[in-house]
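>>> Here's a sequence, model it:
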Amino acid sequence: MQRSSPATIGFRVPINLASALGLSILLVCTAQADVELPAKANISVERHFTTNALGSDLAVSDWYTLLRGALLREWGDKDANVTLGAELQATRHDRMAIEDDRALAFTAQAFRRLRPGLELRGTLAYGLSSDGDHLALGPLTIGRRALKQTFGIQGQLGIDLGNATSLIIEAGDSFEHVGRTRFQHGMLPSIQMDPNRNRLQAGFRLARTIENLTIGTSGSAMVVTVQSLGTPPVAVGFARYGLRGELSWTGTDGSTLGVTAGAELLDAENGLYRRIKPSWQITLRKPLPHDLEVKGTYFARFEDVDTDDPLASWLHRAEMEAAVKIGAKLGLSAGLFWQEKENLLFENKEKGRGIYAEANYQLTETMTAVLRLDASRIFRTVLDTREDTVDVFVGWRASL
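Here you go, the predicted model:
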């Protein structure tokens, strides 16, 4: 598992007519936008030590370097503008090269105020990532890597209905294309282990503000189609619908309280699963004397992205964080989390909890030094495995 040169992975670019049409519109808008604003960029470099480089119940310690960067450029004014952005993230382990990750993303966004009270926004996105992972075969651990591309298009319409009431309608489509998985040193033939996915979604939000109180309702619908892969399949397509009521309050001191409650329906294909479950989210932010701030979140919902289940998981998660500013340059923060994921088809429960502590010091107007510690423990009931991880890093963040 020592460092070695990663294999070159080829890929195909699928053609998406909607994306091509949207890109043409954005390019036309860019050509018409004659007001150019200064570019914004930020970069961070972090040096980590982790006790669990593989992210599994097999604890192997390692050092790794994490690089992040982003660039944003905007043309136009408040009534019509175009924004182009790019983001880069890469990790490099000292020993466990099989866990190195690389990701690159591009976005193009166009905004137009058609008339007073009517706004239109469109977004195109493309992402390319090479994720390193491992396959455990008894006492043998083999590195594996796959290339994934993501294409997305989204449109949003905002309408001012008067009397401090607004309506937002949005729709979008994204396609994930996953390449064949290649194994370390060609120890196994390359195969496709993860399926391609298409996510078609739409939603709305209706809200009215009365002084410092906002009342609203929102709904969402998403249909996920999945490439048939494996027997039994490694992933299952589904439809997911949600309807929620919202209430948020903002105090004169900057305090905020938000409550969202409703229900979600998850309907898997082939009748594998169909259930309606209550969903909610509570968020709180409270500034306190002496530059101290406390905030927290508690929510429950279906989770279909970060899950080990072929379908999805039901996720409960609570977070709490406290931060304080000491002088003009030093900031301290600490927090904790608790969560429980219940796999819907595997019937496994993943119970996790963790803490973090962070100190950041502003070296200059554009550069900040960061020292952070994260510790977490995850227990999986059916598999009867425990995953303990401690991650410590020092880093520098700069804005240009």
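>>> and stretch 176-194, average pLDDT?
Averaging pLDDT along stretch 176-194 gives 92.
>>> give me phi/psi at Gly271?
Here is the backbone geometry of Gly271 (degrees, to the nearest 10): phi 70, psi 20.
>>> Let me see the ranges of the helices in the stretch 1-150 of the chain.
17-32 (DSSP state H, counting those that start in this stretch).
>>> which residues make contact with the helix or strand hosting Ala323 from outside it?
Assigning secondary structure by DSSP states H and E places Ala323 in strand 313-326. With contacts defined as Cβ atoms under 8 Å, 6 or more residues apart in numbering, strand 313-326 is touched by 277, 290-304, 307, 331-344, 350. In this view, the C-beta of every residue, glycine as well, is placed from N, C-alpha and C.
>>> let's see it at 7 Å
For strand 313-326, the external contacting residues (Cβ atoms under 7 Å, 6 or more residues apart in numbering) are 277, 291-303, 307, 331-344.
>>> Output it as PDB - backbone C-alpha positions only.
The C-alpha trace of strand 313-326 is given here as PDB (Å, rounded to 0.1, in the frame of the first residue of the first chain):
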ATOM      1  CA  SER A 313     -31.200   5.500   4.700                       C
ATOM      2  CA  TRP A 314     -33.300   7.300   7.200                       C
ATOM      3  CA  LEU A 315     -31.100   9.800   8.900                       C
ATOM      4  CA  HIS A 316     -31.300  11.500  12.300                       C
ATOM      5  CA  ARG A 317     -28.600  14.000  13.000                       C
ATOM      6  CA  ALA A 318     -27.900  16.700  15.700                       C
ATOM      7  CA  GLU A 319     -25.100  19.200  15.700                       C
ATOM      8  CA  MET A 320     -24.100  21.900  18.300                       C
ATOM      9  CA  GLU A 321     -21.300  24.500  17.900                       C
ATOM     10  CA  ALA A 322     -19.900  27.300  20.000                       C
ATOM     11  CA  ALA A 323     -17.500  30.000  18.700                       C
ATOM     12  CA  VAL A 324     -15.800  33.000  20.300                       C
ATOM     13  CA  LYS A 325     -13.700  35.800  19.000                       C
ATOM     14  CA  ILE A 326     -10.700  36.800  21.100                       C
END
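>>> Now the helix or strand following that strand: average pLDDT?
Note on strand 313-326: by DSSP H and E, the next helix or strand toward the C-terminus is strand 330-343. Averaging pLDDT along strand 330-343 gives 97.
>>> Sheet partners, orientation included, of strand 330-343?
Paired with strand 330-343 in the same sheet, following DSSP bridges, are strand 313-326 (antiparallel), strand 349-362 (antiparallel).
>>> hmm, back to that, can you pull the buried residues of the strand holding Ala323?
313-315, 317-319, 321-323 (16 or more other Cβ atoms under 10 Å).
>>> could those residues go into TSV alongside distance to Gly262 and pLDDT?
As requested, these are exported to TSV (distance: Cβ to Cβ, whole Å; pLDDT from 0 to 100):
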residue	distance to Gly262	pLDDT
Ser313	19	96
Trp314	15	96
Leu315	15	97
Arg317	17	98
Ala318	19	98
Glu319	20	98
Glu321	25	98
Ala322	29	98
Ala323	30	97
